[in-house]
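**Q** Here is my input, please return the structure:
(chains A and B)
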Protein chains: 2
Amino acid sequence: MKKINIGMLGIGNIGKGTYQTLEMSRSKIEQSTGMSLEIVKILNRHPEIDRGIDIPKEKYVTDAYDIINDPDIDIVVELIGGIEPATTFMADALKAGKHVVTANKAAIAANGQMLQELAYKNQLMLRFEASVAGGIPILNAISSALISNEFSQVQGILNGTTNYILTKMTENGTPYEEVLKDAQAKGFAEADPTADVEGIDAANKLSILISLLFGIGIKPGDIPTKGITTVTSEDIAFAKEFGYKIKLLATAHNENGKVTCNVEPSLVSENHPLANVNNEFNAVYITGNAVDNLMFYGRGAGPLPTGSAVIGDVVSVARKIEKGAAYDLLPHLRYDADLEFAGEGAHHYYIHCHAVDHPGVLGQIASTLGVYGIGIKTMMQRAGDNSGGTVPMIFIVYDVDKSILTTALQVLLTNGSVSSVDNVLRVLKS
Amino acid sequence: MKKINIGMLGIGNIGKGTYQTLEMSRSKIEQSTGMSLEIVKILNRHPEIDRGIDIPKEKYVTDAYDIINDPDIDIVVELIGGIEPATTFMADALKAGKHVVTANKAAIAANGQMLQELAYKNQLMLRFEASVAGGIPILNAISSALISNEFSQVQGILNGTTNYILTKMTENGTPYEEVLKDAQAKGFAEADPTADVEGIDAANKLSILISLLFGIGIKPGDIPTKGITTVTSEDIAFAKEFGYKIKLLATAHNENGKVTCNVEPSLVSENHPLANVNNEFNAVYITGNAVDNLMFYGRGAGPLPTGSAVIGDVVSVARKIEKGAAYDLLPHLRYDADLEFAGEGAHHYYIHCHAVDHPGVLGQIASTLGVYGIGIKTMMQRAGDNSGGTVPMIFIVYDVDKSILTTALQVLLTNGSVSSVDNVLRVLKS
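**A** Residues are numbered from 1 along each chain as shown, chains lettered A, B, ... in the order given. This is a model prediction of the structure:
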């Protein structure tokens, strides 16, 4: 039986999950491919740590280049995470003639184009299914089964931590801070949750999806990104009254070559398939010109789901090695010069504010919004005590650029008709 | 630019959609593969019919063997539908050295194993992504990106017509017959809707999913199948009171090598991702040992979504032709001798019946069910007029084999505690 040798960089949670996934699926893979896949070397920079997994000690190496330069290794699997040294290791592995499979969203979002050009130039494969939405096989589908589609939009719930937090806030009315602490205790959120709760992780993944779906490179740092830290249980309750759930959405549109995108907590209609994506699950909703709407749902993180995606890529590369066909006909990521990054785009917005409780104030707000071309789709005013205090008001407004909306809200604050703007969130049109 | 020649059998709605999809995606495919795909011949047995599509007349042939035996054709795309003559055409194309792509669920469910063995023997490819769930790229994902998983279950909404009918019955409370007529008028249901509404179409697709997911061949005719014709608006309303929607589910489980399956209208919890799959959309929910739960959602029919899947397969085969790698290392469909078909399996059930309205009747029903080992999970009794008439009762019971449930219900009818059994439907555990 043909043997494919794999060198794995990293033996953290994802590394262990990948190792376990391969052990679990060994007989099925042999039965389906006629090949034996073996992880022969593992980079373990801290061999003194007990990893809690039964791996023969002789597989461990402490120098990445013991793997990268090993002539017997066919595929390097990079599971270190972070931009560096992972990018350098992957580039050096490609230069050394190894195929590369990675789960690293940060490195691919930052350096995917460079790495894939290196792979193409050397007639090798670079695959990164696990880098977006964990176990959900979305990237390979976009590049292969869905190749005949021009895509017009993507809406993704791409971060499990924030989706878990928002779900618990929705189910129990618990405030953000409390749910975050609970999530940290359960291991669903990291001690420093910044990358998750501020939307940075989702922006990395969105950047990769945009390049595969639309063929344009937009750096994660250029994607307008807003996290979930300002979402309150009150907003969730108001949204529910209008028939919406609040989700951290990563979205992008391609309209006649102008690509808009953002990451933002958004109101999603309860009837939309994304609305039932709860807890730590992820989903990617895309629209193609032939296939129309598609959604992929599953676990976006976790050792075994991520391992499933990594091993899927490894087997795909291994099958092609066996056939002498382990290269791409043209670069895997395509970049279309006709496309233009056009910022955040116009969207429907939910505005939660407090207005001064006196006659005529609603007319004043509506006229000011009208001056800025902002149409009100629906609104709700809570009862006040009519003593000159303030009353909570919720507006959902039609398509507007956020900068214009921000200006209009500033005017309302200045002219005194609104005493506070409590939150502004996107509303997903459906 | 390398040219791949395609011969297409059939120019009905799916044929036209496939032709259009290829025209729409021509430049993207060339940009991604460096190849030009051309449909050079089309079997059109009725050239006198105006197909309403601009196709050069010289492409049409009236004899399938003008395509099957044409040495310039690389890939035969079969879009006739039905078991014969499609199976014979595909077998003869494979014998003539052509790769075959098909959207034909009936032929693949009936003869997939024979055809794929023929393809494997001749070192050719047979692909049929479009045969299950239309544009949803589920089959290739199972065989490739998800290869490392052993699957334990699948739950599918695999028929758009019945899902459309059930959705409209749910939204508007309209009776089945009326919605069916409306669906027929709108082209969502055929003049003879039997294959859809009786679950036959879903059983064909489930048979194909079972062979790919579990590696066992179960003929569609052996799958216990119940259609939606007995589902009433009353059942839908009762289900709603318990927090469920009714969907036509095609399900299969693999428990320690025993595979159970059925097609049946089923109650699905409103919080389950399948519950928001509405109208003509399809979805496939699967569970693997590494990836855990995954759901794929999209259009299960229609010319362009089906065309998307067909062209996806064609491009995949074409890429491998270009690399000299258009063959499978081992048979694409695997069959595991250790698996056993174990019938329908035990499930939770919803029972809608009428009981005689006198004291003690509920105790009588509960004891009889208990004799058969049937536990009641929840029940609801509607108010009667207490005049010796009958009252509607709804039970949801724990896991039981349907044959045992049927016997128990027969006893209740015979001993007079139940005057009618109005409906029995599966309940999806979630």
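**Q** the helices in the stretch 151-300 of chain A, which residues?
**A** For the stretch 151-300 of chain A, the helices defined by DSSP state H, counting those that start in this stretch cover A:160-172, A:176-186, A:194-197, A:200-214, A:233-241.
**Q** And these: which comes nearest residue A:105?
**A** helix A:200-214 (4.4 Å; Cβ to Cβ). Heads up, the C-betas are built off the backbone N, CA and C, glycines and all.
**Q** most packed of the helices of the stretch 151-300 of chain A?
**A** Of all these, helix A:200-214 has the most neighbours on average by mean count of other Cβ atoms under 10 Å in any protein chain shown, namely a mean of 26.
**Q** So which elements touch it?
**A** helix A:105-121, helix A:138-143, strand A:151-157, strand A:244-255, strand A:258-269 (3 or more Cβ pairs under 8 Å, 6 or more residues apart in numbering or on different chains; DSSP states H and E).
**Q** Please repeat the previous calculation with a cut-off of 6 Å.
**A** Where contact means 3 or more Cβ pairs under 6 Å, 6 or more residues apart in numbering or on different chains; DSSP states H and E, helix A:200-214 is packed against helix A:105-121, strand A:151-157, strand A:244-255, strand A:258-269.
**Q** Mean pLDDT added to these, as TSV?
**A** Shown next, in TSV, are the helices and strands packed on helix A:200-214 (pLDDT from 0 to 100):
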stretch	mean pLDDT
helix A:105-121	96
strand A:151-157	98
strand A:244-255	97
strand A:258-269	97
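**Q** As CSV, those with mean neighbour count would be great.
**A** Conversion of the helices and strands packed on helix A:200-214 to CSV gives the following (neighbours: other Cβ atoms under 10 Å in any protein chain shown):
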stretch, mean neighbour count
helix A:105-121, 21
strand A:151-157, 23
strand A:244-255, 24
strand A:258-269, 23
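**Q** CSV for those, including distance to chain B?
**A** Shown next, in CSV, are these (distance: least, Cβ to the nearest Cβ, whole Å):
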stretch, distance to chain B
helix A:105-121, 12
strand A:151-157, 10
strand A:244-255, 11
strand A:258-269, 10
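**Q** residues near the nearest residue to residue A:323 once chain neighbours are set aside, how many?
**A** What sits nearest to residue A:323 in space, not counting adjacent residues and going by Cβ to Cβ, 6 or more residues apart in numbering or on different chains, is residue B:325, at 3.9 Å. Residue B:325 has 18 neighbouring residues, counting by other Cβ atoms under 10 Å in any protein chain shown.
**Q** Minimum distance to residue A:300: which of the helices and strands packed on helix A:200-214 has it?
**A** strand A:151-157 (7.9 Å).
**Q** so what does the closest one touch, helix or strand wise?
**A** helix A:200-214, strand A:244-255, strand A:281-288.
**Q** among the ones you listed, which is nearest residue A:189?
**A** helix A:200-214 (11.3 Å).
**Q** what's the angle from that closest one to strand A:244-255?
**A** 40 degrees (axes from the mean of the first three to the mean of the last three Cα atoms, to 10 degrees).
**Q** contact partners of helix A:200-214?
**A** With contact meaning Cβ atoms under 6 Å, 6 or more residues apart in numbering or on different chains, helix A:200-214 is reached by A:105-106, A:108-109, A:131-132, A:139, A:142, A:151, A:154, A:158-159, A:195, A:217-218, A:220, A:223, A:225, A:250, A:252, A:254, A:259, A:263, A:333.
**Q** before we move on, the earlier item: residue A:325 is in contact with the residue nearest to residue A:323, correct?
**A** Yes - contact status for residue B:325 versus residue A:325: in contact at 3.7 Å, counting by Cβ atoms under 6 Å.
**Q** Could you pick out the residues of the stretch 1-150 of chain A near chain B for me?
**A** Taking Cβ under 6 Å from any Cβ of the partner chain as the test, the list of the stretch 1-150 of chain A residues beside chain B reads A:21, A:25, A:33-34, A:135, A:137, A:140-141, A:144-145, A:147-149.
**Q** most surrounded residue in the residues you listed?
**A** residue A:135 (32 neighbours).
**Q** Look at that one and tell me its secondary structure.
**A** coil (DSSP: H, G, I helix; E, B strand; the rest coil).
**Q** measure it to residue A:292 for me?
**A** 24 Å (Cβ to Cβ, to the nearest Å).
**Q** Alright, calling it a day.
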